[in-house]
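Q: Sequence first, predicted coordinates after that:
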Amino acid sequence: MRLRLTGRGPDGTCQRMSETPDSLIPYDEIVQEALRAVVGRVLGEVERGGGSLPGNHHFYITFKTGAVGVSIPPHLRERFPDEMTIVLQNKFWDLNVAEDGFSVGLSFNQMPSKLQIPFSAITAFVDPAVDFGLQFQAVATDIEPARHEDAENDVRRTGAEQVSDPSVAERNDGSNVVEVDFGRKK
């Protein structure tokens, strides 16, 4: 819920005028999507122009490396496990813009690499030549869960096994649900 503030009250504190109810329309998401479309349109213009940037334009594009649909070489994912910024300026190739993202060839330490980045993974887009920039909120559902190895204490049990802890009761109805009672001991 958002609060609408007026000016300062007699005691110098901000006075609340009214509470604005939460919107049932996802305005923030709609605006984010529209602004990401700006990035797509700009990159599409560059692609249609033969892949070269006009004038002094160049782009800094920051994205979540763990977002769904991001494809980058393993050595880059290891080096940038959360977020990475790429620069499209002089040396890039094979820019291909689709409706939901783009792919581009870039060189990292003289190693050519192909990156595929969905627009939903982008968190910032900046063109310093004209002092233009956009910031985006990362959407939690667009982030892949972190990969991990199975814990050593994970043991798969069958329904026939007994549980020795009386505070844990297994359901034997074929589901994989374990019910835990954290109540006081009786």
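A: Looks like it arrived, so ask away.

Q: all strands of this protein, in order?
A: 2-8, 14-20, 59-64, 83-88, 92-97, 101-108, 111-118, 122-127, 132-135, 168-170, 178-180 (DSSP state E).

Q: Run a quick neighbour tally on L53.
A: By the criterion of other CB atoms under 10 Å, L53 has 18 neighbours. For glycine as for every other residue, the C-beta is placed from the backbone atoms N, C-alpha and C.

Q: By residue count, what's the longest helix in the protein?
A: Ranked by number of residues, the top helix in the chain under DSSP state H is helix 27-48.

Q: quick one: that one to strand 83-88, angle?
A: Angle of helix 27-48 versus strand 83-88, following axes from the mean of the first three to the mean of the last three CA atoms, to 10 degrees, is 30 degrees.

Q: In terms of secondary structure, what does helix 27-48 contact?
A: Using 3 or more CB pairs under 8 Å, 6 or more residues apart in numbering; DSSP states H and E as the contact test, the elements touching helix 27-48 are strand 59-64, strand 92-97, strand 122-127, strand 132-135.

Q: Poorly predicted segments of this structure, please.
A: The chain contains residues with pLDDT under 70 at 1-20, 138-186.

Q: which parts of the longest helix of the chain are buried?
A: Across helix 27-48, burial judged by 16 or more other CB atoms under 10 Å covers Q32, R36, V39, G40, V42, L43, G44, V46.

Q: Now do it against strand 59-64, angle only.
A: Using the same axes, to 10 degrees: helix 27-48 against strand 59-64 is 130 degrees.

Q: Pull the residues that contact helix 27-48.
A: Residues outside helix 27-48 that contact it (CB atoms under 8 Å, 6 or more residues apart in numbering): 52-53, 59, 61, 88, 95-97, 99, 102, 119-120, 122, 125, 127, 134, 136-137, 139.

Q: what do you get if the cut-off is 6 Å, keeping everything else the same?
A: Helix 27-48 is contacted by residues L95, V97, F102, F119, F125, L134, F136 when judged by CB atoms under 6 Å, 6 or more residues apart in numbering.
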